[in-house]
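Asker: Using only what follows, build the 3D model:
(one chain, ligands or ions: 1)
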Amino acid sequence: MISKLDIWELLSKHNIKSRELADLSTNGKLPFNDIELIFSELEKTTPLNDKKLLDIGCSDFRVSLYALMHGMQVTAIEKDAELSGEVGKIFDEAIGKYPDLKELFNFIPNTNVLDIEWKDYDVVIFYYTEPNYLSSQYVDGTIEVWEKHLGGKIGELKPGAIVIFIFIDARIKRERLISPEDPISVKFPMLKSSLPDIITSNNRYVRIKIMGKA
Ligand SMILES: C[S@@+](CC[C@H](N)C(=O)[O-])C[C@H]1O[C@@H](n2cnc3c(N)ncnc32)[C@H](O)[C@@H]1O
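Answerer: Now for the predicted structure:
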């Protein structure tokens, strides 16, 4: 099974750079200590072994690989075509070097997560990004389509399934003016949760919602 050191070595070898993607969003990378914090919180909620994770926007698989280390079965999906091609090499190397991952690890490249079924997953996680809609190049309606369909996709999940969305501080700045107590639910009512948000040392807001609970 893969270790933390193996993950760090694999990812530093490939070193996928953050940059503007085809949809004008950026593939920001979640710091490892944030990922560790998220998994330790998640473990308090449910045993992770054999649970099915959907890693939305997997980029370099950092979240997927931590999940595999915790014994989860992982489907990683990435929308950006160019990035999918690049990170495909990391996927191939991971399952080549750690053959026991092969049965547990699935990669769906070049695919929008809105186009697959979510109903079989126990946990879905997304480090949220959206295109820079202020750019003069923003024409494709990605945000509008996403917001229109996200609620329906979350609604497909079974009771007890866990949804984790991570936001950067700047993303929820405007909403905080409207609702300082619960800024994330202003824009994303489908993520309303009775659990308190986790604020990481890197200023990320982690919203955890358990399906079937308020
Ligand atoms: C902020 S990056 C997060 C990367 C990685 N998960 C991490 O935590 O470091 C968001 C990623 O989600 C991908 N993405 C955005 N919308 C998506 C969608 N609808 N379906 C699949 N992937 C998506 C982007 O291409 C980008 O690689």
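Asker: Which helix or strand in this protein has the lowest average pLDDT?
Answerer: The weakest-scoring helix or strand in the chain, judged by mean pLDDT, DSSP states H and E, is helix 142-155 (a mean of 88).
Asker: quick one: contacts of the helix or strand just after that one?
Answerer: Heading C-terminal from helix 142-155, the first helix or strand you meet, by DSSP states H and E, is strand 162-168. Contacts with strand 162-168, where a contact means Cβ atoms under 8 Å, 6 or more residues apart in numbering, come from 28, 30, 34, 38, 42, 45-46, 122-128, 154, 157, 184, 188, 191, 203-211. (Each C-beta comes from the backbone N, C-alpha and C, glycine too.)
Asker: quick one, strand 162-168 and helix 142-155 angle?
Answerer: 150 degrees (axes from the mean of the first three to the mean of the last three Cα atoms, to 10 degrees).
Asker: Check which residues of the very next helix or strand once past strand 162-168 are buried.
Answerer: Next helix or strand after strand 162-168 toward the C-terminus (DSSP H and E): helix 173-178. Residues of helix 173-178 classed as buried: E175 (neighbour count, 16 or more other Cβ atoms under 10 Å).
Asker: Can you show me the helices along this structure?
Answerer: 4-14, 32-45, 62-69, 81-97, 142-155, 173-178, 183-187 (DSSP state H).
Asker: rank those helices by mean pLDDT and give me the bottom one.
Answerer: If you rank the helices of the chain by mean pLDDT, helix 142-155 sits at the bottom with a mean of 88.
Asker: and that helix, how far from the chain's centre?
Answerer: Per Cα atoms, centre = their mean, to the nearest Å, the displacement of helix 142-155 from the mean C-alpha position of its chain is 15 Å.
Asker: Repeat that for stretch 25-32.
Answerer: The answer for stretch 25-32 is 10 Å, by Cα atoms, centre = their mean.
Asker: List the neighbours of that stretch that are in contact with it.
Answerer: 8, 16, 18-21, 57, 59-60, 62-63, 80, 83, 127, 129-132, 142, 166, 168, 200, 202, 204.
Asker: filter those down to the ones near the ligand?
Answerer: L21, G57, S59, R62, V63, D80, L83, Y127, T129 (Cβ under 6 Å from any ligand atom).
Asker: so how far is Y98 from F91?
Answerer: Going from F91 to Y98 by Cβ to Cβ, to the nearest Å gives 11 Å.
Asker: what does K148 give?
Answerer: Taken as Cβ to Cβ, the span from K148 to Y98 is 39 Å.
Asker: how about the residues of this protein near the ligand?
Answerer: 21, 25, 27-30, 56-59, 62-63, 77-80, 83, 112-114, 127, 129.
Asker: give me that answer again for 8 Å
Answerer: Applying Cβ under 8 Å from any ligand atom, we find that the chain lies next to the ligand at 21, 23, 25-30, 35, 55-60, 62-63, 77-80, 83, 111-114, 125-130, 142, 146, 166.
Asker: Please indicate which of the residues you listed are buried?
Answerer: Buried subset of those (neighbour count, 16+ other Cβ under 10 Å): 21, 23, 25, 27, 29-30, 35, 55-60, 62-63, 77-80, 83, 112-113, 125-129, 142, 146, 166.
Asker: Surely F107 is in contact with D92?
Answerer: No - applying Cβ atoms under 8 Å, one finds F107 not in contact with D92, separated by 9.1 Å.
Asker: More neighbours: which of these two?
Answerer: Between F107 and D92, F107 has the larger neighbour count (other Cβ atoms under 10 Å), namely 22 against 11.
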